[in-house]
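Trainee: Show me how the following folds:
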Amino acid sequence: MQQKTRLSGKSFLHPRHWLTWLGLGGLWLVVQLPWSVQMGLGKYLGLLMYYLLSQRRHVCQVNIQLAFPELNAAQQENLVKKHFVSLGRGLLETALSWWGDGERLNQQTVIKGLEHLQQAQQQGGVILLSAHFTSLELGGRLLAKFINLHVVYRPHQNPVIEWRVARLRQKRYGKAIPRDDIREMLRSLQQGQVVWYAQDQNFGHKNSVFAPFFSIPAATNTATSRISRLGKASVVPFFTVRTETGYQLQFYPALENFPSEDVLNDTIQINQVIESQVRCYPEQYLWTHRRYKDRPEGGNRYELPVKTMTE
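Mentor: Predicted structure coming up:
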C-alpha cells in the first residue's frame, strides 16, 4: 500500500499535470491578495471566459432565455455577462476555500437563520439542502467552522485537483461521502448528523422526475425525498451567496410535510425553494450547467439557436 501511494505521488509530477500545478500556484498567489482585489480579478476572469468559452456561453444564454422570458434580449444578455463575472469570482473563491485566511473569512461572513438548523437537529438527522451557486465550495469551508458537517461530493475528474480537495475534506469535515453512496448518507443521518447535499443538477432520467424549474420541466433527482424518508431526516434549505462585503450563509425553516407520499410533489417543493433563492441572486446561480438538457418529449434544447436582440 505504501508503495502504491509513492507511485501515485510520482504520477502527479507527470508533465501532463504541469499545467494544473501552474494554475494551482497562480490561484494560491491570488488568494494572498486583499479580497476586494480578488473579486476585481474574478470579474475580468469571468469576462474573459464569457468571450472565450462559446459553448458554455451558449448554454447560459439558452438557460437565461428559458428561465427569464419576461426580460428583453438586452437584459437577458446582461444577465449572462453578470453570471460569467460571478463564475470568475467563484473560481477564485474555490481557491479561497482551500487557502484563505480563516479569521479574515469569518469577519466577512454573516449567518442568518441558524436557529432553523438547530431546531431540526433536535429531531434527529438533517439533510442540509443546497444548490449550485457559484460560491458553493466556499460555503462549505465557512459552515464547517460552526457545525460537524458531513458533505456529499462528486469526485473531480482531474486527479491532482481531486487529491488536493480530498485532503481538505479529511481535515475540515466530519465525513466526506461520495455522491452515489446512499447507504453512507443514511448511516450519517441515523447517527443524528448534518449531511450537506445539493441535488439540483441534471444527471439524466435515472431516479429522476420532470418537475418545473422556472416553469420549464426539468429532469430532477428525487434522492432528497427518498433519503429523507429512509433516514427519518428533516430537510433544511441552506444557501451561500456573495455580498458586497463578503458572504451570507442563509438557513430557512425545515420543509413542512416532507417527505410526503408523492415523490413528484416533494421534488416540485424542492425546486420551488431553490427557484425562490435563485430569483434573489440570479447571476450567482450556475447557469452554465445544462439544467434543461432532457425534455419529456425528447430533443436537445441546447441545439437550438439563441435569439438575438433583433428577433
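Trainee: center of this structure - which residue?
Mentor: Taking CA atoms, centre = their mean, the centroid of the chain lies closest to His132, which sits 2.6 Å from it.
Trainee: what's the neighbour count on Arg242?
Mentor: Residues near Arg242, counting by other CB atoms under 10 Å, number 22. Yep, even glycine has a C-beta here, placed from its N, CA and C like the rest.
Trainee: How about the contacts made by the closest residue to it other than its chain neighbours?
Mentor: Counting by CB to CB, 6 or more residues apart in numbering, Arg242 lies nearest to Ser135, which is 5.1 Å off, once chain neighbours are set aside. Contact analysis of Ser135 by CB atoms under 8 Å, 6 or more residues apart in numbering lists 90, 93, 240-242, 247, 284.
Trainee: ok so, going back, the residue lying closest to the residue nearest to the centre of the chain once chain neighbours are set aside and Leu230, how far apart?
Mentor: Excluding the flanking residues, the one nearest His132 by CB to CB, 6+ apart is Leu286, at 4.1 Å. Leu286 is 28 Å from Leu230, where distance means CB to CB, to the nearest Å.
Trainee: follow-up on the earlier one: mind checking how far the residue nearest to His132 is from Asn63?
Mentor: 9 Å.
Trainee: and these two? which has more neighbours close in?
Mentor: Comparing Leu286 with Asn63 by other CB under 10 Å, the one with more neighbours is Asn63, at 25 against 21.
Trainee: Give me the three-state assignment for that one.
Mentor: At Asn63 the chain is in helix, as set by DSSP: H, G, I helix; E, B strand; the rest coil.
Trainee: before we move on, what about Val236?
Mentor: Criterion first, three-state DSSP; result for Val236: strand.
Trainee: what's the neighbour count on it?
Mentor: 23.
Trainee: That one touches Leu128, doesn't it?
Mentor: Yes. Using CB atoms under 8 Å, Val236 makes contact with Leu128 at a distance of 5.7 Å.
Trainee: Which parts of the stretch 51-200 of the chain are helices?
Mentor: Applying DSSP state H, counting those that start in this stretch to the stretch 51-200 of the chain gives helices spanning 54-67, 73-99, 102-107, 114-121, 136-144, 159-172, 182-190.
Trainee: what sits up against the fourth one?
Mentor: What that stands for is helix 114-121. 126, 128, 146-147, 192, 194, 234, 236, 238, 249, 251-254.
Trainee: from the middle of its chain, how far away would stretch 132-144 be?
Mentor: The chain centroid and the centroid of stretch 132-144 are separated by 7 Å under CA atoms, centre = their mean, to the nearest Å.
Trainee: Tell me who's in contact with the closest residue to Thr222 other than its chain neighbours.
Mentor: Among residues not flanking Thr222 along the chain, Val263 sits closest, at 5.0 Å (CB to CB, 6+ apart). By CB under 8 Å, 6+ apart, the contact set of Val263 is 209, 222, 225-226.
Trainee: so what pLDDT did Val263 get?
Mentor: Val263 carries a pLDDT score of 95 in this model.
Trainee: quick one on the thing from earlier: from memory the residue nearest to the centre of the chain sits against Tyr197, does it?
Mentor: No. Using CB under 8 Å as the test, His132 is too far from Tyr197 to be in contact (11.6 Å).
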